[in-house]
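Student: what follows is a predicted structure for the sequence shown.
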Amino acid sequence: MGKKKTLTGALLATAMLTVAGCSGGGAPSGETAAAPSSPGDVSGEIKVLTHRTDLVQNGTMDKYAAEFNKTYPKVKVSFEALTDYEGEVKIRMNTEDYGDVLMIPAAVAKNDYPKFFAPLGTREELGSKYRFSDKTEVGGKVYGIAQFGTANGFVYNKAVWKKAGITDWPTTPQEFLADLQAIKAKTDSVPYYTNFKDNWPMTAWSNNIGSVTCDAKANDKLAGPVSPWKEGSELHVIDSLLHDIVKGGLSEKDPNTTNWEASKGMIAKGKIATMHLGSWAITQMQDAAKKAGADPAEIGFMPFPVQKDGVFCATAASDYQQAVNAHSEHKSAARAWIDWFTEKSGYSAKEGAISAVKAAAMPDTLKDFGDNDVKVVERSEAETGKVNAIDNAAEIGLAKPDYRQKLVDIARGAQKGNLQEFFADLDKRWNEAAKTAGS
């Protein structure tokens, strides 16, 4: 686990500020963290901030560093794993002390990236080589390279679905609900598990934007007073499905008791049938199956239950983006680590994720997608800055858990209201915010 830092009163006060409005402790130089041309000339000590406390704790990251040193012997890499990564890094970014390499926190507005991170190259240079580079492109310069990408859908226990008599993936939300109902009637499994209590799994539903219409630019199209939850829209379909699962009694009895770590073993053993997650989760569930003495091959992954012209689509979105601290004294070494980790470490393949390198093949974890001709659509991030500005001004939080937790509470009767009123309120807030924000 990462060591928690004790906050002084002054720092606590600073933490109340919004990261986007801070200077990062002083004006950055704007110096590009260019890719090094000669490994032997790169030197320095760099600290990498990471959310992967598990990989630091079990020594995996040190093994990566040892391999890195075979190519870059003059660079010393240390890691700092943070349990509350988003919260702690947001606070530290009010100073210049936020590592040399870090994952870009969601709290930082895209248009403010130049205040905190060193540019890594131009849109043309990096866009031709890496997937998802437009997510961190500001003014023609790219400020982050994805660790990997993830396709979105549902992790499921094949044996449970088969026991319920289901042999084909559902092609509509109605079929999906009917399948969960069959699981409830014919098995002892929880048909769907929300992972409500751990908060972050609720945000993954937004990553389906684009899957419903098979449109890579679906997220970009939210940048305006477009009533995102109107009938037939991507978010109307996505959030209606979650609502209907819960309202239909097809999820756990009390969402306040869910447990993310425990859910891995539960789906592996067949106690849970289905969970909505990114494809990165497949290997974790398979590992849980091995530990439980179950068959890892029974862990499956299906696309969102909608087809366009008879074809399933799955949005591929970027995971955390790796960036170089604009104040780092060892930008070349920091960039060397990012390039090596992305291209040479094998990290994305080991995690069963989509490589950020365009030339790389799709991972084995998505074999079922390939066998069933699922179209993987790389989500455009060209208008993310505007979308985020509207989202923040509307105080909705497409990438935060709160509004979907309220949706679940309405569905189970823990809060007053109904789905139509809820969507109407979201649309009203979004459209009003769009008049001034993101322009």
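Tutor: Thanks, I have it.
Student: now do the strand or helix carrying residue 404: distance to the chain's middle.
Tutor: According to DSSP states H and E, residue 404 maps onto helix 402-411. Distance of helix 402-411 from its chain centroid, counting by C-alpha atoms, centre = their mean, to the nearest Å, is 20 Å.
Student: give me the contact list for it.
Tutor: 194, 196, 199, 202-203, 205, 239, 242-247, 255, 396-397, 415-419, 422, 426 (C-beta atoms under 8 Å, 6 or more residues apart in numbering). (C-beta placed from N, C-alpha, C; glycine too.)
Student: any buried residues in the biggest helix by length in the chain, and which?
Tutor: In the chain, with assignment by DSSP state H, the single longest helix is helix 419-434. By neighbour count on 16 or more other C-beta atoms under 10 Å, the buried set for helix 419-434 is 419, 422-423, 426-427, 429-431, 433-434.
Student: and for stretch 346-358?
Tutor: Here stretch 346-358 shows 347-349, 351-357 as buried, counting by 16+ other C-beta under 10 Å.
Student: if you average the pLDDT over that stretch, what comes out?
Tutor: Across stretch 346-358, pLDDT averages out at 91.
Student: same question, stretch 285-294
Tutor: Stretch 285-294 comes out at a mean pLDDT of 95.
Student: for the closest residue to residue 375 other than its chain neighbours, helix, strand, or coil?
Tutor: Once flanking residues are discounted, residue 375 sits nearest to residue 313: 4.7 Å by C-beta to C-beta, 6 or more residues apart in numbering. Here residue 313 is recorded as strand under DSSP: H, G, I helix; E, B strand; the rest coil.
Student: pretty sure residue 313 is touching residue 374, no?
Tutor: Yes: using C-beta atoms under 8 Å, residue 313 is in contact with residue 374, at 7.1 Å.
Student: any common contacting residues for those two?
Tutor: Residues touching both residue 313 and residue 374 (C-beta under 8 Å, 6+ apart) are residue 303.
Student: and the strands in the stretch 151-300 of the chain, which stretches?
Tutor: Assigned by DSSP state E, counting those that start in this stretch, the stretch 151-300 of the chain shows strands spanning 274-278, 299-302.
Student: residue 175: which of these is closest?
Tutor: When these are compared by C-beta to C-beta, strand 299-302 sits nearest residue 175, at 11.4 Å.
Student: name the residues that touch the following helix or strand past that closest one?
Tutor: Downstream of strand 299-302, the next assigned helix or strand under DSSP H and E is strand 307-308. Under the contact criterion C-beta under 8 Å, 6+ apart, strand 307-308 has outside partners 171-172, 213-214, 313.
Student: and the gap between residue 156 and residue 299?
Tutor: 8 Å (C-beta to C-beta, to the nearest Å).
Student: same check, this time on residue 215
Tutor: Taking C-beta to C-beta, one finds residue 215 at 29 Å from residue 299.
Student: neighbour count for those two, which is higher?
Tutor: residue 299 (25 against 19; other C-beta atoms under 10 Å).
Student: residue contacts, that one?
Tutor: 155-158, 267-268, 282, 285-286, 289.
Student: same thing but 6 Å
Tutor: By C-beta atoms under 6 Å, 6 or more residues apart in numbering, residue 299 lies in contact with 285-286, 289.
Student: which of those has the largest number of neighbours?
Tutor: residue 285 leads the contacts of residue 299 on contacts (other C-beta under 10 Å) with 27 neighbours.
Student: once you drop chain neighbours, what's closest to it?
Tutor: residue 299 (4.6 Å).
Student: what of residue 85?
Tutor: residue 51 is the one closest to residue 85 (C-beta to C-beta, 6+ apart), at 3.7 Å.
Student: tell me the predicted confidence for the one you found.
Tutor: For residue 51, the predicted pLDDT is 91.
Student: can you check residue 9 too?
Tutor: Note on residue 9: pLDDT of 32.
Student: returning to that earlier point: counting neighbours, which of the contacts of strand 307-308 comes out on top?
Tutor: residue 313 (22 neighbours).
Student: does it touch residue 214 like I think?
Tutor: Yes: taking C-beta atoms under 6 Å as the definition, residue 313 is a contact partner of residue 214 at 3.8 Å.
Student: buried set for stretch 131-142?
Tutor: Result for stretch 131-142 [16+ other C-beta under 10 Å]: buried residues 131-138, 141-142.
Student: a markdown table for these, including secondary structure, distance to residue 401 and pLDDT?
Tutor: Formatted as a markdown table, the buried residues of stretch 131-142 follow (DSSP: H, G, I helix; E, B strand; the rest coil; distance: C-beta to C-beta, whole Å; pLDDT from 0 to 100):
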| residue | secondary structure | distance to residue 401 | pLDDT |
| --- | --- | --- | --- |
| 131 | coil | 26 | 92 |
| 132 | coil | 23 | 91 |
| 133 | helix | 27 | 91 |
| 134 | helix | 26 | 89 |
| 135 | helix | 21 | 89 |
| 136 | helix | 23 | 93 |
| 137 | strand | 27 | 92 |
| 138 | strand | 27 | 92 |
| 141 | strand | 32 | 95 |
| 142 | strand | 29 | 96 |
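Student: among these, which one sits closest to residue 125?
Tutor: residue 142 (7.7 Å).
Student: what's the closest non-adjacent residue to the closest one?
Tutor: Nearest non-adjacent residue to residue 142, counting by C-beta to C-beta, 6+ apart: residue 126, 4.5 Å away.
Student: just the mean pLDDT for the host helix or strand of the one you found, thanks.
Tutor: Element membership for residue 126, per DSSP H and E: helix 123-127. Taken as a whole, helix 123-127 has a mean pLDDT of 93.
Student: helix or strand right after the helix-or-strand element of the chain with minimal mean pLDDT?
Tutor: Least confident helix or strand, the chain: helix 9-15 with a mean of 32, by mean pLDDT, DSSP states H and E. For helix 9-15, the following helix or strand on the C-terminal side (DSSP H and E) is strand 44-50.
Student: what comes up buried for that following strand?
Tutor: 44, 46-50.
Student: with stretch 78-90 instead?
Tutor: 79-82, 85, 88-90.
Student: and what of stretch 379-392?
Tutor: 379-381, 383-392.
Student: list of residues touching the longest helix of the chain?
Tutor: By C-beta under 6 Å, 6+ apart, helix 419-434 touches 224-225, 227-229, 243, 390, 393-394, 410.
Student: and if we set it to 7 Å?
Tutor: By C-beta atoms under 7 Å, 6 or more residues apart in numbering, the residues outside helix 419-434 that reach it are 224-225, 227-230, 236, 240, 243, 390, 393-394, 396, 407, 410.
Student: what are the C-alpha coordinates of that helix, in CSV please?
Tutor: Written as CSV, here are the backbone C-alpha positions of helix 419-434 (Å, rounded to 0.1, in the frame of the first residue of the first chain):
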residue,chain,number,x,y,z
LEU,A,419,-36.6,7.8,-14.3
GLN,A,420,-38.4,10.3,-16.6
GLU,A,421,-38.1,13.1,-14.0
PHE,A,422,-34.5,12.2,-13.4
PHE,A,423,-33.5,12.3,-17.0
ALA,A,424,-35.4,15.6,-17.5
ASP,A,425,-33.5,17.2,-14.7
LEU,A,426,-30.2,16.0,-16.1
ASP,A,427,-31.0,17.4,-19.5
LYS,A,428,-32.1,20.7,-18.1
ARG,A,429,-28.9,21.1,-16.1
TRP,A,430,-26.7,20.0,-19.0
ASN,A,431,-28.4,22.4,-21.5
GLU,A,432,-28.2,25.4,-19.2
ALA,A,433,-24.6,24.7,-18.5
ALA,A,434,-23.8,24.4,-22.2
